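S.K.: Next one to model:
(2 chains)
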Amino acid sequence: MTTPLAIASVIALGLSGGFGSAWYMLTRADPPGAVRSGAWIAWPRQGAMDADPYSRALIARNGLLPLGLGEGLVLVARGDDDGEALSAGCTYRLSGRMPPARAWTLTLTDRSGRLPLVATADAQVPPWPRTGFTSAEVLRDEAGRVSITVSPTLVAGDWLPAPQRGPFQLVLRLYDTPVAGSATALDRAALPAIIRQGCG
Amino acid sequence: MGGGSTSRDGIVPAPETSRRSRLVASRRAIAALALRARRRMRFGTTLLVLVQGLILAGIVHLVAVLTLPRLGEHSAWQRLEGATSLNQTVTFARPDAPGSGEVATPDDFGRDLDPAATQALCRFDLTEGPVRVTLPVGALPQSLSVHGERGGVVYAVSDKAATRGQLVLVLFTQRQLDDLEAREDVDDPSTDLRVVVPGARGLVLVRALALFPSQQAQAEAAVAALRCQAAPMP
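M.R.: Below is the predicted model:
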C-alpha cells in the first residue's frame, strides 16, 4: 500500500469510526450508569452534578431537563419481567407495591418518550384518553398493592389503553423518594412486576 | 529450454545451457522472494493502518463527545434564549400533555417532562451579580432545580426544604460567594440557601404535580409564583 493511500485510509477510518461511534452512543445507545431491577431501568447519575460525558452530551443535545436527585427518580420499563419488549397488541398487568415516595406518576409513552396515539377513536380531542396514572388516582387492595392493566380493550379496574402501534415503554417517576439517593440498591421487591397476560 | 535441464535431473548440464537455466532459475527465485515479501509487507501495512485508524477513531470519539455540549445550540437554556428574557418566569407544560393548550410551550421542548406536571422556569445570568430565587409553596408537591447553561442539574430540592412557606435560594458564582463570605460577619450568619452555579448562566425550574387533572389550574398558579430577582452584592 502506498504511503498517501495509507495516510488517507488512517484518516478516513479514524474520522468515520470516531464520529460514527459517537453518533451511535448519543442517539441509539442508552447512556451509561444504568441501574436495573427486574423490568425497570433507572439512570440515577443523570440527575446529579457529576453526570458522565455521554449523559451531559445527551442532555445538551436534546434540551433535556432531567429530574434532579433531590426531586426524584425516573424508571423506565421497555419489556416485561421475562424480557420481552412491550408491544401494542398485548395485555400486560402491572402489579405490586410502589417504592416509597411522596407521589408517583406512571406514563405510557412510545420509545422516544412521546405520548402515543391510543387505540381509541378521536385521540386528538378532549376528553383525552388516559395516558397514565398518578399515585392519587390508582386503586389499591388491602395490602396497598396496585394492579394496572395495559391492553387494547377495556377491562375493569385500573386500565391504561394500549397504543395503536409499535413498541412502547412505561415511565415511572417517583417524587421525593429515598430511593433516588441509594439507587444502586434498588430492591426488586419494591418495584411492581410487569406480566404479559396474552397477545392479540 | 532447448537442451538445458535443471540440476534436479542430477545431470551436469553443458556450460552454455546451464548459465541460461541458472539465470532463469535465479530470476524465478527472486520473483518468488519478492512476491512473498510484498505479501508480508501488504499485510503489515494494512494492520498498521487499522491500528492507527482505531486509535484516531478513539481520539475523535472522545473529542466529539466532550465538546458536543460546548458546540451545540440545543440545550434547554439555548433553546429559550430567543423566547425569554433573563429573570422572566415562563410557565409551560409538555406540548402533548392533556389540556396543555392554555399554557405556552417553547418550541421543540419537553420530551422528558411529566405530563401530570406543570413547570415554570426563569433563565439567569450571574455575571452582573447574584440572583435571588423565591417560590411560595402550597398544597401540591413541588420541587425546584437549577440547571446549567449547557444542561445538567446543578442543584435540586423538594418543597420540604421550605421555611415559613417559602423556598428561597440565592445563586452565586464561586467567586461571588468567596467574596461575600470574606466580607460577612461570622457571628451573624445568613439563613439563605446558597447555591454555587459553575458557569455563570443557567435556569431555575420549578415543577408542580397535578395528581388529579382538576388540580391543573392550581399547579399553573403555583409555578407561576416563581420569582428570580437580581440581588446585587452589598
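S.K.: Just to be sure, residue B:176 is in a helix?
M.R.: Yes: with DSSP: H, G, I helix; E, B strand; the rest coil as the criterion, residue B:176 is part of a helix.
S.K.: And the helices in chain B?
M.R.: Assigned by DSSP state H, the helices in chain B fall at B:15-71, B:76-80, B:174-183, B:216-224.
S.K.: Chain A is nearest to which of those?
M.R.: Of all the helices of chain B, helix B:15-71 sits nearest to chain A, with 2.5 Å by C-beta to the nearest C-beta. Yep, even glycine has a C-beta here, placed from its N, CA and C like the rest.
S.K.: packing partners for the closest one?
M.R.: helix A:3-27, helix A:53-62 (3 or more C-beta pairs under 8 Å, 6 or more residues apart in numbering or on different chains; DSSP states H and E).
S.K.: what sits against residue 59?
M.R.: Picked chain A for this. Taking C-beta atoms under 8 Å, 6 or more residues apart in numbering or on different chains as the criterion, residue A:59 is in contact with A:46, A:51, A:66, B:69, B:75, B:151-152.
S.K.: not what I meant, chain B
M.R.: Contacts of residue B:59 (C-beta under 8 Å, 6+ apart): A:14, A:18.
S.K.: sorry, back to before: now the helices and strands packed on helix B:15-71 as CSV including distance to residue A:175 and mean pLDDT?
M.R.: Shown next, in CSV, are these (distance: least, C-beta to C-beta, whole Å; pLDDT from 0 to 100):
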stretch, distance to residue A:175, mean pLDDT
helix A:3-27, 28, 86
helix A:53-62, 20, 84
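S.K.: and the spatially most central residue of chain A, what element?
M.R.: For chain A, residue A:76 is the residue whose C-alpha lies nearest the centre (C-alpha atoms, centre = their mean; 2.5 Å). For residue A:76, the host element (DSSP states H and E) is strand A:72-77.
S.K.: Can you confirm whether that strand lies near chain B?
M.R.: Yes: looking at strand A:72-77 against chain B by C-beta under 8 Å from any C-beta of the partner chain, the contacts come from A:72, A:74.
S.K.: Contacts for that strand next, please.
M.R.: A:37, A:39-44, A:47, A:66-67, A:86, A:101, A:169-177, A:179-180, A:183, A:191, A:194, B:112, B:143, B:158.
S.K.: Chain A: strands as residue ranges?
M.R.: A:35-37, A:40-42, A:72-77, A:90-96, A:103-110, A:132-134, A:146-151, A:158-161, A:168-175, A:193-199 (DSSP state E).
S.K.: Describe which strands the third one pairs with in its sheet and in which direction.
M.R.: Read that as strand A:72-77. Paired neighbours of strand A:72-77 in the sheet (DSSP bridges): strand A:40-42 (antiparallel), strand A:168-175 (antiparallel).
S.K.: Identify the residues contacting residue A:162.
M.R.: Per C-beta under 8 Å, 6+ apart, neighbours of residue A:162: A:88-91, A:108, A:118-119, A:150-152, A:168.
S.K.: pLDDT at the closest residue to it other than its chain neighbours, what is it?
M.R.: Leaving aside its sequence neighbours, residue A:162 sits nearest to residue A:152 (C-beta to C-beta, 6 or more residues apart in numbering or on different chains; 4.5 Å). Reported pLDDT at residue A:152 in the predicted model: 88.
S.K.: got it, and the one 5 residues further on?
M.R.: According to the per-residue confidence, residue A:157 scores 91 in pLDDT.
S.K.: Check residue B:168 too.
M.R.: Reading off the model, residue B:168 has pLDDT 92.
S.K.: What of residue A:188?
M.R.: For residue A:188, the predicted pLDDT is 58.
S.K.: Show the contacting residues for the residue at minimal distance from the centre of chain B.
M.R.: Centroid check for chain B by C-alpha atoms, centre = their mean gives residue B:69 as the closest residue, at 4.5 Å. By C-beta under 8 Å, 6+ apart, the contact set of residue B:69 is A:56-57, A:59-61, B:75, B:150-151.
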